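Colleague: Give me coordinates for this.
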Amino acid sequence: MKQTLTITVKQKPILTLKYKYQLTLLVKPKLEFQNTIRQELEENPFLEEVYTIETDYDIEPIKDLAKHYEEDEEEEKLRSNRFVYKPTLTEILESQVDLEFDGIDRDIAYEIIGNLDEKGFFKLPLEDIASKFKVPVEKVEEIRKRITKMEPVGIASRNYEEAILVQYKERYGEDFLAEKIINEDLLKLNDLDYLYEKYKDVDKEKIDTVISNIKSLNPYPTVNFSDDVQQYIEPDIFVYDKGDDFEIKINEKGIPELKLTTAYRKLISRKDLPEETKKFLDEKYEKAKGIIEAIKQRRENLYKITKAILNRQKDFLRKGKEHLKPLTLKDIAEEVDLHESTISRTVNSKYIQTEYGIFPLKAFFSAKLKTTSGEVSTERVKYMIQELIENEDKRKPLSDQAIVNILKERGIKIARRTVTKYREELGIPDSRTRRRKQ
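Modeller: Here you go, the predicted structure:
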């Protein structure tokens with residue numbers, strides 16, 4: 001067989017610094033978004049705040065949350081409206097995966113973070129995931145290594161040596177001596193005589209510095225992740241029910257209006273500027289442009305996406321979760337002409353305040369199930385299962401198969417194992433456990 005060399009050209013999107021900063025900001029909830037911008041305003045020489053005369057931000061009383069609006073001052077209204085939210089490690093990782101990956105790579109990344117042990121290590125054979133997604137093992141390993149650089153750094157490592165090495169490189173940069181000590185002598189960090197002798201060609205001060213750096217790292221990626229971590233949430237969107245339609249207001253209270261300064265922009269073009277200084281200023285300039293664009297995109301995307309969601313989920317908002325219709329990220333992406341990954345990033349960790357309560361935007365999405373009468377959301381099916389169990393005869397509780405049969409009569413055909421899965425997700429025990437004696 002004759003061997004030939006073929007060159008193919010593939011288009012691969014390359015994210016500019018401006019776009020990277022923009023994407024990073026768009027995934028942040030309101031308070032974090034606001035604080036990040038305030039910090040950048042202080043540190044970035046290219047950003048300048050535009051001062052305007054503020055008008056009152058009118059927020060109408062909310063039925064279910066009226067107690068939050070007893071204060072006269074606007075700041076008191078917003079402060080009292082915040083509530084405590086404790087993000088799980090999975091939620092933290094998922095938000096980063098949505099930002100870093102797309103397509104099948106994102107599916108593989110989700111599979112990896114879904115199989116971490118309690119210390120944050122990934123122990124599953126790579127071949128299992130490669131086989132499931134029909135991709136080479138090397139591709140799974142490449143995605144896993146990218147995940148190790150997410151927060152917390154070292155997550156999804158195979159062992160504590162790799163976790164420490166990844167952390168070291170991220171915090172202190174590449175270091176041959178550090179890599180050798182981590183791989184070969186991690187358990188002998190306190191034996192200085194041994195280390196001095198083994199690495200006698202290296203200055204002792206250098207060895208001491210490397211050892212000190214290593215000891216500052218975490219052997220287990222989740223060691224500093226506490227269930228007690230609390231994050232205050234302020235709604236990103238306010239929605240008012242006007243009967244025939246909804247009024248949507250994007251919460252921009254506390255988010256400054258920014259513009260680019262001109263003084264430093266002229267400085268970049270100077271030919272006598274040191275290369276290192278020019279690189280620093282270029283990065284700050286690109287970041288400044290990304291931040292200004294992010295504020296605009298956040299406003300526009302949140303409005304368009306919220307409007308599209310509410311058009312589909314009016315009954316859910318007004319009548320309750322049993323009226324939640326099937327809705328996917330793809331459905332909204334097609335309607336508002338944005339990429340599915342953009343929708344995912346935008347709705348992540350965002351909250352909407354309505355007259356009926358506060359909801360995460362993700363609550364409006366639900367997978368689809370085919371039925372004889374059309375499509376129905378999985379949340380609707382879960383609600384039906386919960387309702388059936390709540391109204392059952394506790395002396396003769398419904399088995400999962402009995403629930404399957406009832407749902408079938410109502411036009412919903414699903415497998416018994418699916419009913420079992422949904423019941424367990426609802427935290428409902430099996431029929432044997434639910435049975436009460438007469």
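Colleague: Distance from the chain centre to the longest helix seen in the chain, please.
Modeller: With secondary structure taken from DSSP state H, the chain has its longest helix at helix 275-312. Its chain's C-alpha centre and that of helix 275-312 lie 17 Å apart, by CA atoms, centre = their mean, to the nearest Å.
Colleague: Buried ones in it, by neighbour count?
Modeller: For helix 275-312, a neighbour-count test (16 or more other CB atoms under 10 Å) marks 281, 284-295, 297-298, 301-302, 304-306, 308-310, 312 as buried. For every residue, glycine as well, the C-beta is placed using N, CA and C.
Colleague: what does stretch 182-189 give?
Modeller: For stretch 182-189, a neighbour-count test (16+ other CB under 10 Å) marks 182, 185, 189 as buried.
Colleague: I figured the last one hits K215, correct?
Modeller: Put plainly, it is L189. Yes: the criterion here is CB atoms under 8 Å, and L189 meets it with K215 at 6.5 Å.
Colleague: Measure how buried D117 is and give me the count.
Modeller: Using other CB atoms under 10 Å, D117 has 11 other residues around it.
Colleague: Distance of it relative to T342?
Modeller: Here D117 is placed at a distance of 33 Å from T342 (CB to CB, to the nearest Å).
Colleague: can you list the domains in the protein?
Modeller: With domains defined by automatic domain parsing, the chain comprises 15-52+233-366, 89-215, 368-434.
Colleague: V223: which of those is closest?
Modeller: Taking CB to CB, domain 89-215 is the member of the domains of the chain nearest to V223, at 7.9 Å.
Colleague: Could you list the buried residues of the helix or strand hosting R318?
Modeller: In the assignment (DSSP states H and E), R318 maps to helix 314-319. For helix 314-319, a neighbour-count test (16+ other CB under 10 Å) marks 316-317 as buried.
Colleague: gap between it and the chain center?
Modeller: Computed by CA atoms, centre = their mean, the separation of helix 314-319 from the middle of its chain amounts to 26 Å.
Colleague: And the residue nearest to L361 when sequence neighbours are not counted, how close does it get to E355?
Modeller: Nearest residue to L361, sequence neighbours excluded (CB to CB, 6 or more residues apart in numbering): V347, at 4.0 Å. Distance of V347 to E355, given as CB to CB: 21 Å.
Colleague: higher neighbour count, these two?
Modeller: Taking neighbours as other CB under 10 Å, V347 and E355 compare with V347 leading, 25 against 17.
Colleague: Verify the contact between that one and A363 for me.
Modeller: No: contact status for V347 versus A363: not in contact, 9.7 Å apart, counting by CB under 8 Å.
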